[in-house]
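[1] Let me see the structure of the following:
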Amino acid sequence: MPTVTYVAHDGSETIVDGFAGDSVMETAVRNGVPGIVAECGGSLSCATCHVFVCADSAELFPPVAGLEDDMLDGTAVDREDNSRLSCQLKLTDDLDVQVTTPETQV
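    Residues are numbered from 1 along each chain as shown. Have a look, this model is predicted:
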């Protein structure tokens, strides 16, 4: 079972077991994790599920491309090299990932 560690901008952590095939965003919303707004519900039409992926977790996902890359330019908190939209980060079996949420999404 995949596990996602969400680190808030203040350093507090929420650790959640997810399901293979779900996204990091879906897992956060389902479990009431603060810091993920997900206004569009994962349809890649907003940037309110912006996260910073931990360096150890970055290689677990395909690189940013296309529309996600464009959407990251519109985040409320400045984009960084490790910025991703959590709706585009799909969980797989036995995946352990850590992401940090920005100070705000809107």
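[2] hey, let's count contacts and neighbours off CA atoms from now on
    Noted.
[3] quick one, helices of this structure?
    Secondary structure of the chain (DSSP state H): helices at 24-30, 55-58, 66-72.
[4] Now mean neighbour count, mean pLDDT and distance to Gly11 too, for these, in a markdown table please.
    A markdown table is the format used below for these (neighbours: other C-alpha atoms under 10 Å; pLDDT from 0 to 100; distance: least, C-alpha to C-alpha, whole Å):
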| stretch | mean neighbour count | mean pLDDT | distance to Gly11 |
| --- | --- | --- | --- |
| helix 24-30 | 21 | 98 | 17 |
| helix 55-58 | 14 | 92 | 16 |
| helix 66-72 | 14 | 96 | 23 |
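[5] nearest to Leu85, of these?
    Of all these, it is helix 66-72 that lies closest to Leu85, at 6.9 Å by C-alpha to C-alpha.
[6] List the contacts of that closest one.
    44-47, 50, 79, 83-85, 88 (C-alpha atoms under 8 Å, 6 or more residues apart in numbering).
[7] One more pass at 10 Å, please.
    44-51, 63-64, 78-80, 83-85, 87-88 (C-alpha atoms under 10 Å, 6 or more residues apart in numbering).
[8] For ChimeraX, what selects the buried ones among these?
    Of the contacts of helix 66-72, the buried ones go into a single ChimeraX selection, burial set by 16 or more other C-alpha atoms under 10 Å:
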select :44,46,47,48,49,50,51,64,79,83,84,85,87,88
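[9] So which of the contacts of helix 66-72 are in strands?
    50-51, 83-85 (DSSP state E).
[10] Leu89: neighbouring residues, count only.
    By other C-alpha atoms under 10 Å, the residues close to Leu89 number 21.
[11] Give me the pLDDT for the residue positioned nearest the centre of the chain.
    Of all residues in the chain, the one closest to the mean position by C-alpha atoms, centre = their mean is Ser86, 2.7 Å from it. You'll see Ser86 listed with a pLDDT of 98.
[12] That one and Val4: what is the separation?
    Distance of Ser86 to Val4, computed by C-alpha to C-alpha, to the nearest Å: 11 Å.
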